[in-house]
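Visitor: turn this into a structure:
(chains A and B)
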Protein chains: 2
Amino acid sequence: MTMNYCSQCGAKISLGIPPGDDRPRYVCAQCGTIHYENPKLVVGAIPEWEGRILLCRRAIEPRHGKWTLPAGFMENNETVAQAAARETAEEACARVEIDKLYTVYSIPHISQVHVFFRSRLLDLDFRPGSESLEVALFGEEAMPWDELAFSSVRNTLRHFFADRRKGAFSLHVGDIERILRE
Amino acid sequence: MTMNYCSQCGAKISLGIPPGDDRPRYVCAQCGTIHYENPKLVVGAIPEWEGRILLCRRAIEPRHGKWTLPAGFMENNETVAQAAARETAEEACARVEIDKLYTVYSIPHISQVHVFFRSRLLDLDFRPGSESLEVALFGEEAMPWDELAFSSVRNTLRHFFADRRKGAFSLHVGDIERILRE
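Guide: Numbering: from 1, shown residues only, chains lettered A, B, ... in the order given. Have a look, this model is predicted:
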């Protein structure tokens, strides 16, 4: 996010390379604070129920109306597993038991890292949270592949069904590049 | 970090729970910007050379003088693997080929997630970077276990040598709690 004022002292701020550093940062000339900006973690779950997966249709931008696995920005003072369970509770009002870490995607052009955990849906008592239009279970045949919100979700689900056919789930780590359309 | 002024418009700012949210955020009453704060990713490598591991003795706080695996805050616009290689280059002036993701630790009380990759040191041309006092290769017997800088580094190295004895390396995901000393 562009920064105009120092959040510590309120002075006007600008980009500059601090001594000993090698890239531009927002540095305050008045109080000396260096405001580092770092990638954000987006954490989600793959809630499974008898071979089907719980997806949420988004009620918010970006990708309003598209389907996603429950996921969102990790909050301070929680663990990645807690973040996955919290997002599932918030977006699908659903309870999951978090299982193994399954996918890790770096998305450098938006400075995000997306991680998804396999998880077991504990009961069928789910409904849309405030950020979802609807919530539903999908088997592989019924997956809305062309209506998925994010590449990280699509890749995670593709790996999930491929690994299930093989009978062996393993961690997948990858990068997602910007797609340029002409 | 405590925020006193809005980085967008420069107005005085305070904590408040935004509509539809459930936790305090820094919200600007003047321009409406909500300043979210999220956990930071610390990414590192386990550089291996013929069974020994490259460690760096820290020239900076926290833990000045203690030993660590090369690691640091992930930067915007890079992948986790790139961050691991960059930190190894910066702290140990060493080149590595990044291999599999090996450990992921949530550290909720400091809002950080630490991740380490197995990696292959490409040559013996290494030396301390500006944040290191010295850099050296250690076998298991020589590991400075009582002089390691961080719990995430200690746990990662313990798993590494245990897995090597077993002859099978696998991903380790865990949480690190605050240690209270009386």
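
Visitor: outline the domain layout of chain A.
Guide: A:1-37, A:40-175 (automatic domain parsing).

Visitor: which stretches of chain A aren't confidently modelled?
Guide: A:180-182 (pLDDT under 70).

Visitor: could you pull out the strands for it?
Guide: A:14-16, A:25-27, A:34-35, A:40-49, A:52-58, A:67-68, A:71-73, A:96-107, A:112-121, A:132-138, A:172-175 (DSSP state E).

Visitor: just put these in TSV and tack on mean neighbour count.
Guide: Where you see a C-beta, it was placed from the backbone N, CA and C, and this is true even at glycine. What follows is the strands of chain A, written out as TSV (neighbours: other Cβ atoms under 10 Å in any protein chain shown):
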stretch	mean neighbour count
strand A:14-16	12
strand A:25-27	18
strand A:34-35	13
strand A:40-49	24
strand A:52-58	23
strand A:67-68	24
strand A:71-73	19
strand A:96-107	20
strand A:112-121	23
strand A:132-138	17
strand A:172-175	17
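
Visitor: looking at the sheet around residue A:35, what are its partners?
Guide: residue A:26 (DSSP bridges).

Visitor: ugh, typo on my part, it should be residue A:54
Guide: residue A:137.

Visitor: buried set for the top helix by length along chain A?
Guide: Determined from DSSP state H, the single longest helix within chain A is helix A:151-166. Buried positions in helix A:151-166, judged by neighbour count with 16 or more other Cβ atoms under 10 Å in any protein chain shown: A:152-157, A:159-160.

Visitor: what do you get for stretch A:4-12?
Guide: For stretch A:4-12, by 16+ other Cβ under 10 Å, it's A:5-8, A:10.

Visitor: any chance of those in TSV, plus distance to residue B:147?
Guide: Formatted as TSV, the buried residues of stretch A:4-12 follow (distance: Cβ to Cβ, whole Å):
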residue	distance to residue B:147
A:5	43
A:6	38
A:7	37
A:8	35
A:10	42
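
Visitor: work out which residue lies at the spatial centre of chain A.
Guide: residue A:42 (2.9 Å; Cα atoms, centre = their mean).

Visitor: for that one, give the beta-bridge partners.
Guide: Under the criterion used (DSSP bridges), residue A:42 bridges to residue A:73, residue A:114.

Visitor: how far away is it from residue A:73?
Guide: 6 Å (Cβ to Cβ, to the nearest Å).

Visitor: what of residue A:102?
Guide: From residue A:102 to residue A:73 the distance is 19 Å (Cβ to Cβ).

Visitor: ok, residue A:174 touching residue A:155?
Guide: Yes: at 6.8 Å, residue A:174 and residue A:155 qualify as touching, with contact defined as Cβ atoms under 8 Å.

Visitor: which residues are common contacts for the two?
Guide: A:103, A:105 (Cβ atoms under 8 Å, 6 or more residues apart in numbering or on different chains).

Visitor: locate the residue of chain A with the greatest distance from its centre.
Guide: Centroid-distance maximum for chain A: residue A:30 at 36.5 Å, with Cα atoms, centre = their mean.

Visitor: surely it touches residue B:5?
Guide: No: shown here, residue A:30 and residue B:5 do not form a contact pair, counting by Cβ under 8 Å, at 11.3 Å.

Visitor: disregarding flanking residues, what is the spatial nearest neighbour of residue A:145?
Guide: residue A:154 (7.1 Å; Cβ to Cβ, 6 or more residues apart in numbering or on different chains).

Visitor: the one you found reaches residue A:147, doesn't it?
Guide: No: counting by Cβ under 8 Å, residue A:154 sits too far from residue A:147 to count as a contact (10.3 Å).

Visitor: the strands of chain A: which one's closest to residue B:108?
Guide: strand A:40-49 (12.6 Å; Cβ to Cβ).

Visitor: residue A:56 and chain B, how far apart?
Guide: In this view, residue A:56 and chain B are 16 Å apart by Cβ to the nearest Cβ, to the nearest Å.

Visitor: err, residue A:57, not the other one
Guide: 18 Å.

Visitor: check residue A:61 too.
Guide: 14 Å.

Visitor: and that residue, how far from residue B:27?
Guide: Counting by Cβ to Cβ, the gap from residue A:61 to residue B:27 is 20 Å.

Visitor: spatially nearest residue to residue A:39 (excluding sequence neighbours)?
Guide: residue A:111 (4.4 Å).

Visitor: pull the number of nearby residues for that neighbour.
Guide: Using other Cβ atoms under 10 Å in any protein chain shown, residue A:111 has 16 neighbouring residues.

Visitor: which ones are touching it?
Guide: So residue A:111 contacts A:37-40, B:76-77 (Cβ under 8 Å, 6+ apart).

Visitor: drop anything exposed from those residues.
Guide: Buried among the contacts of residue A:111 (16+ other Cβ under 10 Å): A:39-40.

Visitor: is residue A:46 in a bridge, and if so with what?
Guide: residue A:118.

Visitor: enumerate every residue touching it.
Guide: Neighbours of residue A:46 in contact, by Cβ under 8 Å, 6+ apart: A:53, A:69, A:102, A:116-119, A:156-157, A:160.

Visitor: repeat for residue A:40
Guide: Going by Cβ under 8 Å, 6+ apart, the list of residues near residue A:40 reads A:73-74, A:111-113, B:38.

Visitor: got a markdown table for those, with distance to residue A:14 too?
Guide: Converted to a markdown table, the contacts of residue A:40 look like this (distance: Cβ to Cβ, whole Å):
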| residue | distance to residue A:14 |
| --- | --- |
| A:73 | 28 |
| A:74 | 30 |
| A:111 | 20 |
| A:112 | 26 |
| A:113 | 28 |
| B:38 | 24 |
